[in-house]
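Sequence first, predicted coordinates after that:
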Amino acid sequence: MTNALFITGTDTEIGKTVVAVLIIKALAQHGYKVIGMKPVASGSRRTAEGLRNDDAEQLINASNVIASYEDVNPYAFEPAIAPHIAAREAGIDIRLEEIIRRYHALSERAEWVIVEGVGGWQVPLGEDFYVADMATALSASIVLVVGIRLGCINHALLSVESIQRKGRHLQAWVANVCDEHGERVQENIATLDALIKQPRLGTIPFCRDLDELQSADLKLDLLTD
Ligand SMILES: Nc1ncnc2c1ncn2[C@@H]1O[C@H](COP(=O)(O)OP(=O)(O)OP(=O)(O)O)[C@@H](O)[C@H]1O
Ligand SMILES: [Mg+2]
């Protein structure tokens, strides 16, 4: 049985890819077969092979299982805009069945599939269809990345509430210090520790060279036990 983890976040650009890559590398170091997936991506570049998205490529590079680009990232849109608008402008319907089909292709090869969402938890993907529905369709446990900056406590608590209302299991959250000049970082993390019942998988420090982070200090047993 493949384990599915869905990485969502308090916002766009707060470290979902950074955390997904760290989790993939940590699981691979523990001997698991693991692959990343970015079902929907906006902000992609044209290549001879088709549209390519940087997040999907980072996940592929961190993974220790080979898969086709299209299985990892079935929906790539060129402009870096809200995905439902990008899809509409491209004349494409984002279909849950297609995402599930691609997910199954990956899960046949891997023990863990680490799925990165797009934007936050309640981002629309189509008519009455949200990122939250994608996570639900994959029966994935959720990891919430909180980008530690002013406003994040509100965003984190709203996300936790919505994840639970959807009936998803919030496995853990991650504090990502994505703002180099953030104030009261430790106080914010302590507040989140007190207000979020689920455990903190770890804290990612601000780091100019993210390659130096290795697997940070993630409590992997929170995922594997
Ligand atoms: N802990 C950190 N230290 C330094 N830079 C960071 C850290 N976390 C994130 N960043 C930087 O912030 C930017 C956004 O990070 P990342 O791409 O992981 O966010 P995201 O939530 O995946 O964004 P998107 O919504 O576009 O998928 C990147 O340039 C990344 O290198
Ligand atoms: Mg990303």
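It's in. Residues are numbered from 1 along each chain as shown. Ligands and ions are numbered 1, 2, ... in the order given.

count of neighbours near the closest residue to ligand 2 within the chain?
Relative to ligand 2, the nearest point of the chain is residue 17 (3.4 Å; Cβ to the ion). For every residue, glycine as well, the C-beta is placed using N, CA and C. Neighbour count of residue 17, defined by other Cβ atoms under 10 Å: 22.

now do the one 3 residues further on
Using other Cβ under 10 Å, residue 20 is surrounded by 27 other residues.

Could you measure from it over to ligand 1?
7 Å (Cβ to the nearest ligand atom, to the nearest Å).

Make sure that residue is indeed in a helix.
Yes: assessed with DSSP: H, G, I helix; E, B strand; the rest coil, residue 20 lies in a helix.

My read is that it contacts residue 114, right?
Yes: shown here, residue 20 and residue 114 form a contact pair, counting by Cβ atoms under 8 Å, at 5.2 Å.

Return every residue with contacts to both of these two.
Here residue 20 and residue 114 have 7, 36, 59 as joint contacts, going by Cβ atoms under 8 Å, 6 or more residues apart in numbering.

Quick check: chain neighbours aside, which residue is closest to the last one?
Take residue 59 and drop its neighbours on the chain: the residue closest to it by Cβ to Cβ, 6 or more residues apart in numbering is residue 36, 2.7 Å away.

on that earlier part again, which residues does whatever helix or strand the residue of the chain closest to ligand 2 lives in contact?
Element membership for residue 17, per DSSP states H and E: helix 16-29. Helix 16-29 has contacts (Cβ under 8 Å, 6+ apart) with 5, 7-9, 34-36, 55, 58-59, 62-64, 112, 114, 116-117, 143, 145, 174, 176, 178, 204, 210, 213-216, 218, 220, 223-224.

what does stretch 59-67 give?
17, 20-21, 24-25, 28, 33-38, 69, 72, 105-106, 109-110, 114, 116.

how about 6 Å then?
Stretch 59-67 is contacted by residues 21, 24-25, 28, 33, 35-36, 38, 72, 106, 109-110 when judged by Cβ atoms under 6 Å, 6 or more residues apart in numbering.

gap between the worst-scoring helix or strand of the chain on mean pLDDT and the chain center?
Lowest by mean pLDDT, DSSP states H and E among the helices and strands of the chain is helix 221-224, with a mean of 90. Centroid displacement of helix 221-224 relative to its chain, using Cα atoms, centre = their mean, to the nearest Å, is 17 Å.
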